[in-house]
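1. Using only what follows, build the 3D model:
(one chain, ligands or ions: 1)
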Amino acid sequence: MKLTRLGLALSVFSFMQTATSGAPSSSLSSSVADNLLSERVLVLDFGSQFAQLIARRIREQNVYCEIIRHDVSADVILARKPIAIVLSGGPSSVYEDKAPKCDPRIFELGIPILGICYGMQLATQALGGAVESFPSREFGRSRLQIASMEKLFAGFPHEIDVWMSHGDQVRSIPDGFELLASTSTCPFAAVKHHTLPIYGLQFHPEVSHTSLGSTLIHNFLYNIAGCEGKWHLTDFAQRSIEQIRSVVGSDRVICGLSGGVDSSVTAALLYKAIGPQLTCILINNGLLRKDEQAAVISEFTNHFKADLRVVDATERFLATLAGIRDPQEKRLRIGHAFIDCFKAEAEKINGAKFLAQGTLYPDVIESGAAADGPAATIKLHHNVGGLPEQLGFELIEPLRDLFKDEVRKLGVELGLPEHLVWRHPFPGPGLAVRCLGDITPEKLEILRNADEIVVSEIKNANLYRQTSQAFAVLLESQSVGVMGDARTYEKAVAVRCVNTDDFMTADWSHLPYDLLARISTRIINEVRGVNRVCYDISSKPPATIEWE
Ligand code: XMP
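-> Sure thing, here's the model as predicted:
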């Protein structure tokens, strides 16, 4: 249900943040990566919730990494010339009939392999070991005793805390394997082959609760796979700029600008590459935050001198939303209006051949369109609304190899200011999904003023970077209050602030009481029409981050 909602919204509105499935994408970004990829690690995804985390941890070690489906053939794998392979965890049991398997020939390639959890069980089973169901599933911290300090555990103490999350475990290791580490409940917590470069871990080094987990990944990459750390965003930026120039030639590129990180970094990269051949379009849908249009324009003009077209389509959006209360219907209408406005503006730009989008690697993975065809289809919530196709553009997606944290670093490399690079995400449908019920200019004005107080107080408390998203929501219900000597009957505002890594799950932020008190006092004193402020203390799941 939720994915549908998000999918719909993402697909239609935030075209700058989404992946395309059918659009004619230029080969630009993959060739940029290919050129930098004398070192590429492949993560074979068996359905792990941590596959992206593994990939990010590897990239943090300056080694490029891609997630691909578990069932690609050994030939396909070889063609991508990986320096190492990681077999991810997964929810299945290797002994079940339909358990996902990899091509067993990968164990004969001589490429270093690290199996994590399910990946370890699969590797040991494939090579003659036995896997069994653990009497009680084990989730959480466990104490690892390390028996061998060789390459994988080089520099480790004898004991560390590790994060376990498994229902099965290896009962017996195949011939040729040896034990590296164990816990009191898991005799084979880390193993390796005597002669082949095959390693297995029952615990999760990618999870921050495993102490020295990053060192372990570093050791696998550098001590075992022989990586040298060739993945650097400075090189990426330089190569990407060269590639953009060669693909675009003397043609014109259009880039939608929202003021968010992804579209800003995309625009910055394009501007560095092709300068005056870039035209950016900012559509003000009337659902932006307080003073946002002016802020985006001034950020933009301070940093690039590219052609910027600003379309104030407030009236059009508010007209199509008038009287609409259903959240899905709101999204649909906003999406259609957006496409119409963008199309009308784009048609005015002569000679434009390309449309640039700030698609990120997680979007590519989630849409199942990752490099080399059969990437893991984790969820299909990013199918695009077909904007490039409708407009007849070729697509340029210079960020499609990057994770969000890499995009932020790239933004800094490109000279974008910190406050822009660290902006919280803002949904495509904007304040419409935070203004419950029907949308009116009066309600939007109240919401904007309350929202501005929430964000500015969190910034003043130096907590903006430590929180992932913070905003106000205008509720529909009214409640009784007393101001001065008079009874009031006014609206309530909810404050929402969450911490999350991936926006698929989130915790409400435990903001200090005095900060909450300041936010509440200021909203009630300064925002006409509000007499009550609540703090949203629901996690996701079961709640979502946005209210609609
Ligand atoms: P939820 O509310 O599903 O939000 O927990 C997860 C993340 O996605 C953002 N979001 C959207 N982004 N269009 C967008 O571009 C949308 O329709 C949309 N709905 C939610 C939300 O702000 C959060 O970051």
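
2. show me what contacts the closest residue to Lys230 other than its chain neighbours?
-> Nearest-residue entry for Lys230: Glu39, 4.8 Å, with adjacent residues in sequence omitted and distances by C-beta to C-beta, 6 or more residues apart in numbering. For every residue, glycine as well, the C-beta is placed using N, CA and C. By C-beta atoms under 8 Å, 6 or more residues apart in numbering, the residues touching Glu39 are 63-64, 83, 227-231.

3. List only buried entries from those residues.
-> 63-64, 83, 227, 231 (16 or more other C-beta atoms under 10 Å).

4. If Cys280 is in a bridge, with which residues?
-> In this structure, Cys280 bridges to Cys255, Leu308 when assessed by DSSP bridges.

5. Now the residue of the chain positioned farthest from its centre. Its backbone dihedrals?
-> Relative to the centre of the chain, and counting by C-alpha atoms, centre = their mean, the farthest-placed residue is Asp485 at 50.1 Å. Here is the backbone geometry of Asp485 (degrees, to the nearest 10): phi -100, psi 0.

6. returning to what we had before: next step: the contacts of Glu39 restricted to strands.
-> Judged by DSSP state E, these include Tyr64 as members of strands.

7. Smallest gap between the stretch 101-250 of the chain and the ligand, at which residue?
-> Of all residues in the stretch 101-250 of the chain, Ser208 sits closest to the ligand, with a separation of 21.1 Å (C-beta to the nearest ligand atom).

8. Compute the number of surrounding residues for that residue.
-> 12 (other C-beta atoms under 10 Å).

9. same deal with Met120?
-> So Met120, with other C-beta under 10 Å, has 30 neighbours.

10. And Glu452, by the same measure?
-> Glu452 has 18 nearby residues by other C-beta under 10 Å.

11. Next: Leu318.
-> Neighbours around Leu318, by other C-beta under 10 Å: 18.

12. ok so it is a strand residue?
-> No: counting by DSSP: H, G, I helix; E, B strand; the rest coil, Leu318 is not found in a strand; it is helix.

13. Hmm, it is touching Pro441, no?
-> Yes: if you go by C-beta atoms under 8 Å, Leu318 and Pro441 touch, sitting 6.6 Å apart.

14. Show me the two of the buried ones among the contacts of Glu39 that sit farthest apart.
-> Pairwise distances across the buried ones among the contacts of Glu39 peak at 11.2 Å for Ile83 and Trp231 (criterion: C-beta to C-beta).

15. Which residues are in contact with each of these two?
-> With C-beta under 8 Å, 6+ apart as the test, Ile83 and Trp231 both reach 39, 63.

16. Domain ranges for the protein, per the record?
-> 39-224, 233-421, 434-535 (automatic domain parsing).

17. Between the two ends of the shortest one, what distance do you get?
-> It refers to domain 434-535. From its first residue to its last, domain 434-535 covers 14 Å (C-alpha to C-alpha, to the nearest Å).

18. Please state the offset of it from the chain centre?
-> Here domain 434-535 is found 26 Å from its chain centre; the criterion is C-alpha atoms, centre = their mean, to the nearest Å.

19. Kindly report the same for the second one.
-> The offset between the C-alpha centroid of domain 233-421 and the centroid of the whole chain comes to 16 Å, using C-alpha atoms, centre = their mean.

20. again with the first one
-> Here domain 39-224 is found 23 Å from its chain centre; the criterion is C-alpha atoms, centre = their mean.

21. Give me the buried positions along stretch 277-294.
-> 277-290, 292-293.

22. longest strand in the chain, by residue count?
-> The chain, longest strand under DSSP E: strand 130-146.

23. Which residues lie in contact with Leu436 in this structure?
-> 473-476, 547-548.

24. Pull out the buried residues from those.
-> By neighbour count, with 16+ other C-beta under 10 Å, these hold 473-475, 547-548 as buried.

25. Mind checking which of the residues you listed are in strands?
-> Using DSSP E, the buried ones among the contacts of Leu436 in strands are 473-475.

26. Can you add distance to the ligand and pLDDT and give these back as JSON lines?
-> JSON lines is the format used below for those (distance: C-beta to the nearest ligand atom, whole Å; pLDDT from 0 to 100):
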{"residue": "Val473", "distance to the ligand": "11", "pLDDT": "98"}
{"residue": "Leu474", "distance to the ligand": "16", "pLDDT": "98"}
{"residue": "Leu475", "distance to the ligand": "16", "pLDDT": "98"}
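
27. What's the separation between the residue nearest to Lys230 and the ligand?
-> 32 Å (C-beta to the nearest ligand atom, to the nearest Å).
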